[in-house]
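>>> Next one to model:
(one chain, ligands or ions: 1)
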Amino acid sequence: MNRARGSVLLPFILGYRGTLLGLLAVTPLLAIFYLHFNQDPARVFEHHTFHFTAITLAILLGLFIGYVTWRCYLESGERFLLWLALGFVGFSVVYAPHGLLTPLAPHNPWLFLLYGPASRLVMAVCFLLAVLQYQAPADTPGHRLGIGGWLLALGIFVLIDALVAVWAYSPWNSSFVLRVGMESASILLLGITLGWMFLRRAMNPLMIIYALSLAWFGQSSFAFTIGSPWNHQWWLAHLIFAGGFLLLSFGVVQAYLSTYSFARVYSQSELMARLRQEKQRAEQALVELQHANQDLERLASTDSLTGAANRRALMARAEQEIARAERYKLPLSLILLDLDHFKEINDRYGHPTGDSVLKAFVAKVQSMLRPSDLLGRLGGEEFAILLPETGIEEASQVAERLQQSMAGKPMEIDNKAIPLTLSAGVVEFPLQQGSGISEAFSLADKQLYRAKNAGRNRVASG
Ligand SMILES: Nc1nc2c(ncn2[C@@H]2O[C@H](COP(=O)(O)OP(=O)(O)OP(=O)(O)O)[C@@H](O)[C@H]2O)c(=O)[nH]1
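Numbering: from 1, shown residues only. As a prediction, this is how the structure comes out:
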């Protein structure tokens, strides 16, 4: 755990963060009040070209960020982002005449003025719908809003533009109440959206940005309400709106650069926890893989019935031991073992009992060998023992000890005493250059044959 996180500092840090966010959220209000109580309401800055350029820029940015938001939506299917994209584009389309009609401001100010509140209201509606869809199941790829849906949405936005134009030429056009009503409705909707976010704890780093920008949009509507066209409060309202807009655009860009989502963005500590979890999972999988590999290796080199090394593993080890013996001039011996009359055991007690005898035989032999010796099953009831650093005399003694141990006591299998004897051929590896495994095995085989021919239950060496 992060040390700072566990310390007494944490409540203060959280409190400080809350205060910071709160202050940031209401900073525009401080500027609004400052200007309200200090500005001369008669002072105006009526600059049409400046206004036209600024609004054009805002619309272009709105369309661009709307497009980026839509691309995020296409990637993630997050409906929140769809409504956000509609909010950006809806705002841009409805707001556009406010800039385009700047030259008409002196002739019909309402045609110029009504598009601002209308565009903010459209945006506030979309942003509320966005939050209501927060964490809704993602739209599946086949069901994401495409060109048809966009054309419909654009049609609605253009219709709103037309209605506003009709309204501007109607007898109620100059109603201050209507303009204030639209701004108030926007503030109310944004307030509901924020309240809903708090209630649902829809807060992560991106949603905090969203909440801040909504707070700024609401305050810009308030500034528009108390400002008059071209005065400084009116310009400040534009500026506050632009601040909120840039903040939200930053959030969208962050989403685009990370998860294409507002809901699936994690705090740094969540990311670290996830990273740790994934690392643990990967390490666990690696250990399991290593175990599986070891099991596979063991299976590939072991005789499945008896657990002795199989022929392949025995031959591989023999190669290594021959090379070592040659290099260090060490003795190396081989014992071939063959159980006597094993067919009779099978015939008399049955094949399964024969299997048990083979297993018990291997266990017994292994218990009598050194850890450095290797017992392998060559097939059927034939076995071989590789004895590194062992000369022929010592190896013969080992073989005899095994043979006598078998002959001396019957095997106890399933409460049956089964007599078992073995024959063995012992050789020392001929270590002159060029001699190899096959030569040693054929020599040992000859000795084994000798033991069998001499009546079995004995050891022959040479
Ligand atoms: N139960 C069991 N029997 C096996 C297995 N592999 C081989 N056998 C049997 O081992 C017997 C070997 O018979 P033979 O080769 O005639 O040799 P033997 O009966 O031991 O006679 P000698 O070697 O000449 O003493 C056959 O009956 C095989 O069926 C096995 O995995 N399980």
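
>>> Could you use CA atoms for every contact and neighbour count after this?
Will do.

>>> Can you give me the end-to-end span of stretch 430-445?
One end of stretch 430-445 sits 14 Å from the other (Cα to Cα, to the nearest Å).

>>> what do you get for stretch 95-114?
Using Cα to Cα, one end of stretch 95-114 lies 9 Å from the other.

>>> So for that stretch, mean pLDDT?
What stretch 95-114 shows for mean pLDDT is 82.

>>> residues making contact with that stretch?
For stretch 95-114, the surrounding residues in contact (Cα atoms under 8 Å, 6 or more residues apart in numbering) are 48, 51-53, 55-56, 59, 115-116, 118-119, 161, 164-165, 168-169, 173-174, 179.

>>> for the ligand, what are the nearby residues on this structure?
Contact residues (Cα under 6 Å from any ligand atom) of the chain with the ligand: 339-343, 346, 351-352, 354-355, 380-381.

>>> what two of those residues have the greatest distance between them?
Farthest apart among the residues of the chain next to the ligand by Cα to Cα are Asp340 and Pro352. That separation is 17.7 Å.

>>> More neighbours: which of those two?
Asp340 (19 against 10; other Cα atoms under 10 Å).

>>> so that one makes contact with Pro419?
No - using Cα atoms under 8 Å, Asp340 makes no contact with Pro419, being 10.1 Å away.

>>> In helices, which of the residues of the chain next to the ligand fall?
342-343, 346, 351-352, 354-355 (DSSP state H).

>>> which regions of this protein sit below the pLDDT cut-off?
1-6, 174-175, 266-269, 431-435 (pLDDT under 70).

>>> Can you pull the domain assignment for it?
With domains defined by automatic domain parsing, the chain comprises 7-265, 306-461.

>>> Would you mind giving those as JSON lines with distance to Ala273 added?
Converted to JSON lines, these look like this (distance: least, Cα to Cα, whole Å):
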{"stretch": "domain 7-265", "distance to Ala273": "14"}
{"stretch": "domain 306-461", "distance to Ala273": "45"}
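
>>> Of these, give the one that comes closest to Arg298.
Arg298 lies closest, by Cα to Cα, to one member of those: domain 306-461, at 9.0 Å.

>>> Next, the distance between the ends of that closest one.
OK, domain 306-461 end separation, Cα to Cα: 26 Å.

>>> out of the domains of the chain, nearest to Glu283?
Closest approach to Glu283 among the domains of the chain (Cα to Cα): domain 7-265, 25.4 Å.

>>> now the closest one: how far from the chain's centre is it?
Centroid displacement of domain 7-265 relative to its chain, using Cα atoms, centre = their mean, to the nearest Å, is 35 Å.

>>> Geometric centre of the protein: which residue is closest?
In the chain, the residue lying closest to the centroid (Cα atoms, centre = their mean) is Glu278, at 6.9 Å.

>>> What's the separation between that residue and the ligand?
46 Å (Cα to the nearest ligand atom, to the nearest Å).

>>> And Arg71, by the same measure?
Distance, Arg71 to the ligand, by Cα to the nearest ligand atom: 67 Å.

>>> ok, now Gly244?
Distance of Gly244 to the ligand, computed by Cα to the nearest ligand atom: 82 Å.

>>> OK, contacts around that residue?
Contacts of Gly244 by Cα under 8 Å, 6+ apart are 212-217.

>>> for these, which one is nearest the ligand?
Distance to the ligand across the contacts of Gly244 (Cα to the nearest ligand atom) is lowest for Leu212, with 78.4 Å.

>>> can you pull out the strands in this protein?
Using DSSP state E, the strands of the chain run over 332-339, 374-379, 382-388, 411-413, 416-418, 422-428, 459-461.

>>> would you turn these into CSV with mean neighbour count?
Listed next are the strands of the chain as CSV, based on neighbours: other Cα atoms under 10 Å:
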stretch, mean neighbour count
strand 332-339, 27
strand 374-379, 22
strand 382-388, 23
strand 411-413, 15
strand 416-418, 13
strand 422-428, 28
strand 459-461, 24
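
>>> Turn the ones you listed into TSV, columns for distance to Leu129.
Shown next, in TSV, are those (distance: least, Cα to Cα, whole Å):
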stretch	distance to Leu129
strand 332-339	84
strand 374-379	75
strand 382-388	80
strand 411-413	79
strand 416-418	83
strand 422-428	88
strand 459-461	93
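
>>> out of those, which comes closest to Gln284?
Within the strands of the chain, the stretch nearest Gln284 is strand 374-379; the backing value is 33.2 Å (Cα to Cα).

>>> Please save the CA atoms from that closest one in PDB.
This file holds the C-alpha atoms of strand 374-379, laid out as PDB (Å, rounded to 0.1, in the frame of the first residue of the first chain):
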ATOM      1  CA  LEU A 374      19.200 -44.900 -13.400                       C
ATOM      2  CA  LEU A 375      16.700 -47.700 -13.900                       C
ATOM      3  CA  GLY A 376      14.900 -47.800 -17.200                       C
ATOM      4  CA  ARG A 377      12.300 -50.000 -18.700                       C
ATOM      5  CA  LEU A 378      13.300 -51.100 -22.200                       C
ATOM      6  CA  GLY A 379      10.000 -52.800 -22.800                       C
END
